[in-house]
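K.L.:
curious how this folds, go ahead:
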Amino acid sequence: MLIYSQITFQELRHRFGITVENESFLPPVTPVALPDWLRAYLAINQLSPALAKSEKAVSEMLIAPVLSAVKENNLDKIALFSGEALTLPGELSGICDFIIAANPKAFLPEPPIMVLVEAKRQDLYSGIPQCVGEMLAARSTNERVNIDFDAVYGCVTTGNEWLFLQLNGNRAITDPTILYYPELEKVLGVFQWIISQFTVKSAEIRAK
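P.N.:
As a prediction, the model looks like this:
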């Protein structure tokens, strides 16, 4: 069994039959204003020397606050998890950096779910295979509730760059639009659009 950080593009292709393609899938999104607390927090921390040498600092000082703003905008729609295990039975396992799940009251991630990977060594593209692997596990988790999900979404980020992915069938699609730190309002807008995609599915699950 592989752990997510061991996955390569070649293994995605030959072991899992997944092709990774660069293609637009995000629609024009409406930017979401940053809350005042996030602006203040980032202003204090964005120039911290710790960000240059510590991936943990990037996670805590840049990524987690942005995701907290996403949660704040969707208090009754999503749950945010950090460091949760996710498994594709018999194939993949590991700890996910972050998971967004549709049940805001659940103690564990419940479908539908989205995964987010912090790219190591500030190399955005090196995080793509890991993210796709986690998306495969997310899809497996989603399918357990017998609801037809059109797509699974993921994100790879360095804290300064944000790349969004979609897994649909045997295609993992990376949107060519990379959003940068000054565009965080657009980043929040993309998360809002993705959450809107699986909110309907979440309602279907609760109705079963």
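K.L.:
and the lowest-mean-pLDDT helix or strand in the chain, what's buried?
P.N.:
For the chain, the helix or strand with the lowest mean confidence is helix 55-58, at a mean of 77 (criterion: mean pLDDT, DSSP states H and E). Neighbour-count burial for helix 55-58, counted by 16 or more other CB atoms under 10 Å, picks out 55, 57-58. Placement of C-beta: from N, CA and C, glycine included.
K.L.:
how about stretch 65-74?
P.N.:
Under 16+ other CB under 10 Å, the buried positions of stretch 65-74 are 65-67, 69-71, 73-74.
K.L.:
tell me the one of these nearest Glu134?
P.N.:
Glu134 has its nearest neighbour among these in Leu67, at 15.3 Å by CB to CB.
K.L.:
that closest one - that's part of a strand, no?
P.N.:
No. Leu67 is assigned helix when assessed by DSSP: H, G, I helix; E, B strand; the rest coil, not a strand.
K.L.:
so who does it touch?
P.N.:
Residues near Leu67 by CB atoms under 8 Å, 6 or more residues apart in numbering: 80, 98, 100, 116.
K.L.:
shouldn't the first one be within a strand?
P.N.:
Yes. Secondary structure of Leu80, determined by three-state DSSP: located in a strand.
K.L.:
need the contact list for it.
P.N.:
Counting by CB under 8 Å, 6+ apart, Leu80 has contacts 67-68, 70-71, 98-101.
K.L.:
and for the last one?
P.N.:
Shown in contact with Leu116 (CB under 8 Å, 6+ apart): 63, 67, 96-100, 131, 154-157.
K.L.:
redo the residues you listed as TSV? Include distance to Trp193, secondary structure and pLDDT.
P.N.:
Shown next, in TSV, are those (distance: CB to CB, whole Å; DSSP: H, G, I helix; E, B strand; the rest coil; pLDDT from 0 to 100):
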residue	distance to Trp193	secondary structure	pLDDT
Ile63	19	helix	93
Leu67	15	helix	97
Cys96	21	strand	96
Asp97	21	strand	96
Phe98	18	strand	97
Ile99	18	strand	97
Ile100	13	strand	96
Cys131	18	helix	98
Gly154	14	strand	98
Cys155	12	strand	98
Val156	17	strand	98
Thr157	16	strand	97
